[in-house]
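Asker: Model the structure of this input:
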Amino acid sequence: MTHNITRRLLCVSAAVLSIIGAMPGGNAQAADTIKLGLVAPMSGPNARYGAFSMHGAELAVKDINAAGGVNGMQIELFNADSQGTPVEGVSAARRLIDQDGVDFLIGDVSSSVTLAIQPVAEDAEVLLLNAASSNPKITYQAGVGGFKWTYRNYPTDENRALVITKYAAEKRGFTKFAVLSVDSDYGRSAITFTKKYLPDYKGEILSEDYYKEGEVDFRSVLAKIRDGGAQAIIMYGLADTTPIIARQMIELGMAGKVTLIGNGEFNTEKTIKSGPAALEGAVEAAAWLPQFDSPASKAFVEKFTTTYSEAPNNHAYVHWDTVNLLAAAIKQAGSADKVKVRDALSAIKYQSPVGEVTFDDHNQARLPMILLQIENGTPSIKGAYSADIQYPAN
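Answerer: Coordinates of the predicted model:
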């Protein structure tokens, strides 16, 4: 196992190091501790996501440690603020690796941050297990794509785009669409893959617009969409922006006439209450939902709500689940050795609350996606759908 040498270790005498090194399995780090780092936006526009991510990870670590840890080892959780930007994300990852000496990283919420962290983790030979970024490029360039130390326990934009496009066309009969998506790697990537599949369902995009984080007035673009004849707005956006758009759709008389489809936390109680008439009929695909009917999922929701006095969102769940996945891989490996854990992940059959998780040769988890539609102000689950990623030819 490769270990990072810290300044504190340099202060330890050579004699003591020799004694430790001579002991069976002896090394410079405590044998009963697994150091896990979390890179997430703890400040900035996406801080809400970071808080849920941290709480989900904390809850998993607390429960695992209380149950005796993993193979007798306790997990020590460190976190660093990416601020939702690639530059800060890289700095955060390096601090966790160089200063805290973590061997395992979970992060980031933002795809652009995760893409920037990938080469950092690769150079350091630290396992990067992504729990919430959806840009397909992350796994295009992972595994056989090049980055051997990157794994992802989350569906991609390509999975989501295909599932939503297919449902919108076949179940709702939509063929005319407008785009109103966040101007980020996430938002633009989702639309790129929507365009890839739309022709298969005789769909067309009538207008295409993107918004910046922090924008609050969408009336002009919504009026254009209304007058253009779109049946649905394809929106891959920010949760805090969806209520604003919903209220302005009602102002412009679009509620009940133009449907939101995509992903923008349409399903949360807070969002629905912000503009129920505009959210009615909205279609969304998610990695997980609080309403998902499985004993393990229900138990997580109850415990999270009791612990943090609020219901968990998707980011809380996927980080909680990813910590448990990592623990299962370490247990299967019989060691916290990074190479052995990486090999265990590649071969694992992990039973998540949503279904079995395995990884393909790009280190991408094969996961079902839950499709829902807002009906009478309540998210209605329409089923779980999965799709194998069609990777670009090498």
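
Asker: What separation is there between residue 287 and residue 354?
Answerer: Distance from residue 287 to residue 354, counting by Cβ to Cβ, to the nearest Å: 8 Å. Heads up, the C-betas are built off the backbone N, CA and C, glycines and all.

Asker: Residue 36 versus residue 100, what's the distance?
Answerer: Counting by Cβ to Cβ, the separation of residue 100 from residue 36 is 10 Å.

Asker: Between these two, tell me which one has more neighbours.
Answerer: residue 36 (27 against 16; other Cβ atoms under 10 Å).

Asker: Walk me through the domains of this structure.
Answerer: Residue ranges for each domain of the chain read 32-155+293-363, 158-286+370-385, as given by automatic domain parsing.

Asker: out of those, which comes closest to residue 393?
Answerer: Residue 393 sits nearest to domain 32-155+293-363 of all those, at 11.2 Å, using Cβ to Cβ.

Asker: How about the residue nearest the centre of the chain: what's its closest non-neighbour residue?
Answerer: For the chain, the residue nearest the mean C-alpha position is residue 132 (0.9 Å; Cα atoms, centre = their mean). Spatial nearest neighbour of residue 132, chain neighbours left out: residue 109 (4.8 Å); criterion: Cβ to Cβ, 6 or more residues apart in numbering.

Asker: Need the residues touching each of residue 100 and residue 36.
Answerer: Common neighbours of residue 100 and residue 36 (criterion: Cβ atoms under 8 Å, 6 or more residues apart in numbering): residue 78.

Asker: Please report how far the residue nearest to residue 132 lies from residue 183.
Answerer: Distance check for residue 109 against residue 183: by Cβ to Cβ, it reads 17 Å.

Asker: Could you do residue 302 as well?
Answerer: Per Cβ to Cβ, residue 302 is found 38 Å from residue 183.

Asker: do residue 134 as well
Answerer: Distance from residue 134 to residue 183, by Cβ to Cβ: 16 Å.

Asker: wait, isn't residue 187 in contact with residue 210?
Answerer: Yes - contact criterion Cβ atoms under 8 Å: residue 187 and residue 210 qualify, at 6.2 Å.

Asker: quick one: which of these two has more around it?
Answerer: Neighbours were counted for residue 187 and for residue 210 using other Cβ under 10 Å; residue 187 has more, 24 against 17.

Asker: Which secondary structure element is home to the more buried one?
Answerer: Using DSSP states H and E, residue 187 sits in helix 185-197.

Asker: what comes up buried for that helix?
Answerer: For helix 185-197, a neighbour-count test (16 or more other Cβ atoms under 10 Å) marks 185-191, 193-195, 197 as buried.

Asker: for stretch 304-323, same thing?
Answerer: 304, 308, 312-323.

Asker: between those, which is closest to residue 66?
Answerer: Of all these, residue 66 sits closest to residue 323, with 13.4 Å by Cβ to Cβ.

Asker: my guess is the closest one contacts residue 64, does it?
Answerer: Yes - the criterion here is Cβ under 8 Å, and residue 323 meets it with residue 64 at 7.3 Å.

Asker: and the helix holding residue 187, what does it pack onto?
Answerer: Here helix 185-197 touches helix 111-124, helix 157-170, strand 176-182, strand 204-211, strand 232-236, going by 3 or more Cβ pairs under 8 Å, 6 or more residues apart in numbering; DSSP states H and E.

Asker: one more time with 10 Å, if that's ok
Answerer: Packing contacts for helix 185-197, counted by 3 or more Cβ pairs under 10 Å, 6 or more residues apart in numbering; DSSP states H and E, involve helix 111-124, helix 137-140, helix 157-170, strand 176-182, strand 204-211, strand 232-236, strand 259-263.

Asker: just the angle between that helix and helix 111-124, please?
Answerer: 100 degrees (axes from the mean of the first three to the mean of the last three Cα atoms, to 10 degrees).

Asker: roughly how far apart are residue 156 and residue 57?
Answerer: Residue 156 sits 21 Å away from residue 57, going by Cβ to Cβ.

Asker: quick revisit: can you verify my assumption that the residue nearest to the centre of the chain contacts residue 49?
Answerer: Yes - using Cβ atoms under 10 Å, residue 132 is in contact with residue 49, at 7.5 Å.

Asker: Now list whatever residues contact both of these two.
Answerer: Shared contacts of residue 132 and residue 49 (Cβ atoms under 10 Å, 6 or more residues apart in numbering): 40, 108-110, 314-315, 319.

Asker: Please convert these to CSV, extending it with pLDDT and secondary structure.
Answerer: Formatted as CSV, the shared contacts of residue 132 and residue 49 follow (pLDDT from 0 to 100; DSSP: H, G, I helix; E, B strand; the rest coil):
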residue, pLDDT, secondary structure
40, 98, strand
108, 96, coil
109, 95, coil
110, 93, coil
314, 91, helix
315, 96, helix
319, 98, helix
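
Asker: Relative to residue 232, which of those is nearest.
Answerer: For the shared contacts of residue 132 and residue 49, the minimum distance to residue 232 (Cβ to Cβ) is 21.8 Å, reached by residue 314.

Asker: what's near enough to touch the closest one?
Answerer: Contact analysis of residue 314 by Cβ under 10 Å, 6+ apart lists 49, 52-53, 56, 132, 154, 239, 263, 265, 267-268, 286-290, 370.

Asker: Restricted to helices, list those.
Answerer: 49, 52-53, 56 (DSSP state H).

Asker: so which of those is the most crowded?
Answerer: Neighbour counts for the ones in helices among the contacts of residue 314 (other Cβ under 10 Å) peak at residue 53, which has 32 neighbours.

Asker: And the pLDDT at residue 24?
Answerer: Per-residue confidence for residue 24 comes out at a pLDDT of 36.

Asker: Revised request: answer the last question for residue 297.
Answerer: Per-residue pLDDT puts residue 297 at 95.

Asker: can you give me the helices in the stretch 251-394 of the chain?
Answerer: For the stretch 251-394 of the chain, the helices defined by DSSP state H, counting those that start in this stretch cover 269-274, 276-279, 295-308, 314-333, 338-347.

Asker: can you redo these as CSV with distance to residue 380?
Answerer: As requested, those are exported to CSV (distance: least, Cβ to Cβ, whole Å):
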stretch, distance to residue 380
helix 269-274, 12
helix 276-279, 12
helix 295-308, 17
helix 314-333, 17
helix 338-347, 34
